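> sequence below, structure please.
(2 chains)
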Amino acid sequence: MIELRDLIATTDFNPMIYWVLALLAIPLLSFFSNFFTKSKAPIWATFLLLANTGISFYLAINHWYGDVVSIKGVWFSVGDKILNYSFYLDRLALIMLVLVNGISFLVHLFSIEYMRTDRQKPKYFSYLGLFTFSMLGVILFHNLLLMFVFWELVGLSSFLLIGFWFDKKSAALAANKAFLVNRIGDVGLLTGLMILYSQFQTFDLEAIKALMIFSKIEDGNWVAHFTNNGVQVMNTLDGRWLSAAGIALFLGAVGKSAQFPLQVWLPDAMEGPTPVSALIHAATMVAAGVFLLARVFVLLDAQALEIVAMVGAVTAFMAAFAALSQLDIKKVLAYSTISQLGYMVMAMGVGAYSAGLFHLVTHAFFKAGLFLTAGIIIHQLHKLESDTAKFNAQDLRVMGGLRTYMPITFICFVICAFALAGLPGFTGFLSKDAILLNATAWAEIKGGGYYFVPIMAYVTVLFTSIYIFRLVFLVFTREFRLPKMVGDLNIGKRLKEGNWILLGPAIILSILSISVVFGANVKAENTWFMQFIETPIYLVPQAYAAFSLVDLPESTIQGIHNWVSFVSIGLAVGGLVFAYFSYRPISKKALIFQDAPEPRGPLGKLSFYHFYLDGLYEKVFLKFILFNAKSMAWFDKVVIDGIIDGFAKMNVIVAHIVRWFDKYIIDGFVHLTVYTSGRIGHATRSVQSGNVQAYILSAMAILIILLLWLVF
Amino acid sequence: MPIEHLLILGALLFCIGLIVVVTRKNAIAVLIGIELMLNAANINLVVFSQFDPNQLQGQIFVLFIITVAAAEAAVALAIVLKVFHYFKTADLDKINELKG
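This is a model prediction of the structure:
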């Protein structure tokens, strides 16, 4: 019988705890100290993050081949229930540490220049510190409850940074939207936590995994049998709760990673500063959902995984379709992010654990790179804005021909775009290839309707390639459209390449998007990443477990590999060609693009408004919720307030009665007593005249009377 | 001389003293009344000492009383003096601090 107390027992002291705490403390210090550093904030925060990046690199290099570090201890105990904390440093955590710290450092560096003129920059850098702190908390902690705490903190810092320019109404609304939509997902996550806790009586992930192995399916019931502090525990739930737990945990990822149907917050989140979009809404925070899925991967059963795969595929397709027609450079990238996150989630769903994480890492680099280069363009265009020339610096219609003005930015953007489109030689190809391969193999096994998932994935490859090269052609080729639009032909001369603080991070990220970083080969399974991060086997009871792709014979995979690679490259190149013919310098669309209206026609509108999801939610849920809110307000005002008012009124009446009683009955008694004793006092006081002679006289008289009485 | 006459004299003197004490307003007059009452008692003592011809205890006791009365008069007068200083009057009707 497995003993829960042994699983969550405090581990021996491990000096690694100092490194772990330092990793958390440094960004937290950045958060607190930057409220006071004023103009030094950017340098100080960047320095702190550089230190953190150094630590994470040191840890990654030293512990890559070592054992997994697991540190546990008692957090607090309530009665005989012990809640523990635990840190867990496996290769996944190490690589995430390097990724988050590294990109956070690059974004800090980029922000020094990007936010130079902003009055609020100490606040900005301290929020970045808060974000990094909470993200590292999610990565380092291995206890679902503590992960949830940091998960919420990540949501909070995202809210603060989206609404950083809160005097702009749209930014404030977008921040609210992101926060509220994320809450829906978090309710799911919390539900998952509660199901797992009620079954296993612990939040510790390692303990949950161990207990999951020993839980059984008996007569359709999910039975966990173990001892807790020597007492036998037998928790029985209906077997469907096992799937429910997985789906509920996934719902948390749906919110955070912007999956269907909760993806609507991410495009709006682009109201935040562009470096924030790069860090939070492209590279790290939105990947937290995928990270969570990876952490609970082995606890998901077949049914939950199917839903994960479907949702991922649908999201990938929908967002890629929406990205085709956006007119805002950041919106295109935002939809692209949703779409790529859909890939990762889909990979998790089909059981391609390492492929999904691989895509997480490669995507973090190239998407952060795309956002930062877009940031450079927006930043440089902003400088042209004046009282006479007002325009939206994010609008694709004002750009064009920027290749000659910003050659380095152009090269970085194109490299990252190649990676995103999945062309061979760039990281995106490797990870996307691995996902497509696994998804195809998964569908081969399942057959039938499950081909839906890989088909969606392949269509998305085509769309991805089209929208990203559309962006490249519209932004960088032909002529600069702004001068004509604002009627100032000299305005273009003032447009310059960004300085090296802006370019440095973008260059580093685009170098990291070239596939040699992960090994000089064209097959994903030969990269060091895929070889070191291995797909774990499912721990859920056999009857509910999904078929693991690990068990698939090597030959099956090899049989479809070449075919998959060929199709995916073909689709990516096809997209490039399509985009070229639609938006090439001399094409009709490119010539008149400065006047391009918002898309017409059913398909264009469907794409531009992202399947009208926002409108749908507004019409259905928002109206319903507002109606509910209004009726609740009415209920509150009339019924609840009425009851409370009535109660108050009744109280007043009772108080009046009590007052009358007090005044006339209680006080009456008191007054009567006082009056009586007063009268008695008055009656007796005349004896005490103070006249000594009278005393003597009366004494004598009494004496004489006494004598007379004695004698006779 | 019959003993009754002497006792009546004593009683008369006591009554006169008592009336002086009770009726007079002046504190010094009251003191004089007290002296009269003391002397009435002395007369009684002297009268009854004839039944003790050997030792004359009554008469000796009278001598003590006269001595003590002198001391008492001195103390009482000092008190009256103080009272007069304090209240600026020796009228007993005005000195009614004991009034309740």
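
> per-residue pLDDT of A:L591, please?
pLDDT for A:L591: 63.

> count of neighbours near the closest residue to A:F150 other than its chain neighbours?
Nearest in space to A:F150, with sequence neighbours left out and distances taken as C-beta to C-beta, 6 or more residues apart in numbering or on different chains, is A:G137 at 3.2 Å. From N, CA and C alone the C-beta is placed, and that goes for glycine too. Per other C-beta atoms under 10 Å in any protein chain shown, the neighbour tally for A:G137 reads 20.

> now the element after the helix or strand hosting A:G137, going C-ward?
Assessed by DSSP states H and E, A:G137 sits inside helix A:121-140. With elements assigned by DSSP H and E, the helix or strand that comes after helix A:121-140 is helix A:144-162.

> and the strands in the stretch 201-350 of chain A?
With strands called from DSSP state E, counting those that start in this stretch, the stretch 201-350 of chain A shows them at A:216-218, A:221-228, A:231-238.

> out of these, deepest packed?
The highest average neighbour count among these, using mean count of other C-beta atoms under 10 Å in any protein chain shown, belongs to strand A:221-228 at a mean of 19.

> just the CA atoms of that one, as CSV, please.
Output of strand A:221-228 as CSV, limited to C-alpha atoms (Å, rounded to 0.1, in the frame of the first residue of the first chain):
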residue,chain,number,x,y,z
ASN,A,221,-15.5,3.6,-11.0
TRP,A,222,-12.1,5.4,-10.5
VAL,A,223,-10.7,4.0,-7.3
ALA,A,224,-7.7,5.5,-5.5
HIS,A,225,-6.5,3.2,-2.7
PHE,A,226,-3.6,4.4,-0.5
THR,A,227,-2.7,5.1,3.1
ASN,A,228,-2.5,8.6,4.6
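
> any idea how far it is from the middle of the chain?
Computed by C-alpha atoms, centre = their mean, to the nearest Å, the separation of strand A:221-228 from the middle of its chain amounts to 33 Å.

> and that strand, what does it pack against?
Where contact means 3 or more C-beta pairs under 8 Å, 6 or more residues apart in numbering or on different chains; DSSP states H and E, strand A:221-228 is packed against helix A:4-7, helix A:169-200, helix A:205-214, strand A:216-218, strand A:231-238.

> what's the angle between that strand and helix A:169-200?
Interaxial angle, strand A:221-228 versus helix A:169-200 (axes from the mean of the first three to the mean of the last three C-alpha atoms, to 10 degrees): 70 degrees.

> can you list contacts of strand A:221-228?
A:1-5, A:199-201, A:211, A:214-217, A:232-239, A:241-242, A:541 (C-beta atoms under 8 Å, 6 or more residues apart in numbering or on different chains).

> go again using 7 Å as the cut-off
The contact list for strand A:221-228 (C-beta atoms under 7 Å, 6 or more residues apart in numbering or on different chains) reads A:1-5, A:199-201, A:211, A:214-216, A:233-239, A:241-242.

> now do the contacts for the closest residue to A:D90 other than its chain neighbours.
In space, and not counting its chain neighbours, A:D90 is closest to A:V68: 4.5 Å by C-beta to C-beta, 6+ apart. Applying C-beta under 7 Å, 6+ apart to A:V68 gives the contacts A:Y88, A:L89, A:D90.

> might one say that the second one is in contact with A:V69?
It refers to A:L89. Yes - assessed by C-beta atoms under 7 Å, A:L89 is found in contact with A:V69 at 4.0 Å.

> quick one, which of those two is more surrounded?
Shown here are A:L89 and A:V69; by other C-beta under 10 Å, A:L89 has more neighbours (24 against 19).

> now the more buried one: phi and psi?
Note on A:L89: its backbone torsions stand at phi -120, psi 90 [degrees, to the nearest 10].

> what's the separation between it and B:I43?
From A:L89 across to B:I43, the span is 124 Å (C-beta to C-beta, to the nearest Å).

> what's around B:K82, how many residues?
Residues lying near B:K82 (other C-beta under 10 Å) number 10.

> how about the residues of chain B by chain A?
By the rule C-beta under 7 Å from any C-beta of the partner chain, the part of chain B lying against chain A is B:L18, B:V21, B:V22, B:L92, B:D93, B:N96, B:E97, B:L98, B:K99, B:G100.

> neighbour-wise, which one of the residues you listed leads?
Among the residues of chain B next to chain A, B:V21 has the most neighbours (other C-beta under 10 Å), with 21 neighbours.

> helix or strand for the nearest residue to that one once chain neighbours are set aside, which one?
Computed as C-beta to C-beta, 6+ apart, the closest residue to B:V21 that is not its neighbour in sequence is B:G33, at 3.9 Å. Using DSSP H and E, B:G33 sits within helix B:27-48.

> average pLDDT across stretch B:83-93?
86.

> and what of stretch A:362-377?
For stretch A:362-377, mean pLDDT is 92.

> tell me how many other residues surround the nearest residue to B:L31 once chain neighbours are set aside.
Closest residue to B:L31 apart from its sequence neighbours, by C-beta to C-beta, 6+ apart: B:A76 at 5.3 Å. Other residues near B:A76 come to 17 when the count uses other C-beta under 10 Å.

> what helices or strands is the host helix or strand of B:A76 leaning on?
In this assignment (DSSP H and E), B:A76 forms part of helix B:57-87. If contacts are counted by 3 or more C-beta pairs under 7 Å, 6 or more residues apart in numbering or on different chains; DSSP states H and E, helix B:57-87 sits against helix B:27-48.

> quick revisit: quick check: neighbours shared by A:L89 and A:V69?
By C-beta under 7 Å, 6+ apart, the residues touching both A:L89 and A:V69 are A:M16, A:H63.

> just checking, what packs against the helix holding B:G33?
Using 3+ C-beta pairs under 7 Å, 6+ apart, helix B:27-48 sits against helix B:3-23, helix B:57-87.

> circling back: got a markdown table for the strands of the stretch 201-350 of chain A, with mean pLDDT too?
Formatted as a markdown table, the strands of the stretch 201-350 of chain A follow (pLDDT from 0 to 100):
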| stretch | mean pLDDT |
| --- | --- |
| strand A:216-218 | 86 |
| strand A:221-228 | 86 |
| strand A:231-238 | 86 |
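
> can you redo the ones you listed as TSV with distance to A:L384?
Supplementary listing: the strands of the stretch 201-350 of chain A in TSV, determined by distance: least, C-beta to C-beta, whole Å:
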stretch	distance to A:L384
strand A:216-218	66
strand A:221-228	63
strand A:231-238	63
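
> quick revisit: quick check: the residue nearest to B:L31 vs chain A, distance?
Separation of B:A76 from chain A (C-beta to the nearest C-beta, to the nearest Å) stands at 13 Å.

> in this structure A:D433 contacts A:V567, no?
No - between A:D433 and A:V567 there is no contact under C-beta under 7 Å: 10.2 Å.

> need the contact list for A:W265.
A:K177, A:A178, A:V181, A:N182, A:A258.
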